[in-house]
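>>> Could you look at this predicted model? Sequence included:
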Amino acid sequence: MKINLIVFTTFILLIQSVLLFSQADTTAFDVVQSRNINIRHMLDYRFKGGSGAFERELLKHVSYTPEALNNCIIGTVILSFTVGCDNKISDLRMRNPLHYGLNEKLQEFFKATEGNWNSCKDDRYTRFEVPVLFTISKTETTAQGFIVIEGVSPGLRCKSDAHYMELFEKYSSKGKVKRALESLDVLIRRDPYNQNYYDLKKNLLTAKTEE
């Protein structure tokens with residue numbers, strides 16, 4: 001009996017992923033801690049009032065929109081930007097944008113930071129990458145951000161990471177690649193730093209191509 005290549009490959013991959021996820025927990029925690037320490041160090045040096053003032057300013061301008069809450073939008077927006085030693089902000093990018101009015105709020109925040117940066121003499125302190133996690137209370141997710149914005153669900157119970165991983169495994173085992181990828185993309189949107197998600201996606205797409 002011929003075994004469907006996608007199903008077989010996914011079965012092996014899922015076994016490997018269980019091992020990878022268990023081994024990656026400690027490593028991922030260390031990476032996050034190191035990243036946050038570096039971000040905090042840079043903001044303490046460049047932003048007036050330090051990283052704490054930067055976070056307070058962001059939380060003052062950015063909050064969940066009703067549309068984002070009603071659609072259970074959970075994810076990590078990576079704010080990538082440059083603040084030259086002349087204090088001018090440029091090259092602002094939002095990697096992994098979430099939409100539903102959240103991007104606009106983040107843009108308003110950046111306008112509010114103009115004039116609040118310290119000058120510098122070293123270009124090493126000009127490029128920033130700050131992950132901002134939008135999450136909803138009582139929804140389990142392993143995603144972590146340097147700054148966390150938590151919304152309160154209006155009554156709708158949003159699904160956990162485990163729910164979408166179960167869907168991924170279910171659809172993968174049945175060879176339903178499109179549905180499996182949809183579930184995996186939700187997880188990637190929540191935690192774009194999680195390399196294991198990208199590995200699962202790559203292997204699933206490779207199996208489909210080789211079928």
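Sure thing, it's come through. Numbering: from 1, shown residues only.
>>> Can you tell me which residue sits nearest the middle of the protein?
Taking Cα atoms, centre = their mean, the centroid of the chain lies closest to Thr76, which sits 3.0 Å from it.
>>> mind checking pLDDT for that one?
The model reports Thr76 with a pLDDT of 97.
>>> go on, Arg157?
What the model reports for Arg157 is a pLDDT of 87.
>>> Quick check, His113 in contact with Leu92.
Not His; residue 113 is Thr. No. The pair Thr113 / Leu92 is not scored as a contact, 10.5 Å apart, by Cβ atoms under 8 Å. (C-beta placed from N, C-alpha, C; glycine too.)
>>> if you count what's nearby, which of those two comes out ahead?
Neighbours per residue, other Cβ atoms under 10 Å: of Thr113 and Leu92, the larger number sits with Thr113, 18 against 14.
>>> which residues does the closest residue to that one other than its chain neighbours contact?
Excluding the flanking residues, the one nearest Thr113 by Cβ to Cβ, 6 or more residues apart in numbering is Glu57, at 6.4 Å. Applying Cβ atoms under 8 Å, 6 or more residues apart in numbering to Glu57 gives the contacts 109, 112-113, 116.
>>> and with 7 Å instead?
Glu57 sits next to 109, 112-113 when contact means Cβ atoms under 7 Å, 6 or more residues apart in numbering.
>>> ok, so of those, who is nearest Ile147?
Phe109 (10.4 Å; Cβ to Cβ).
>>> Look up the closest residue to the closest one, ignoring the ones flanking it.
Using Cβ to Cβ, 6+ apart and skipping the chain neighbours, the partner closest in space to Phe109 is His61 (4.1 Å).
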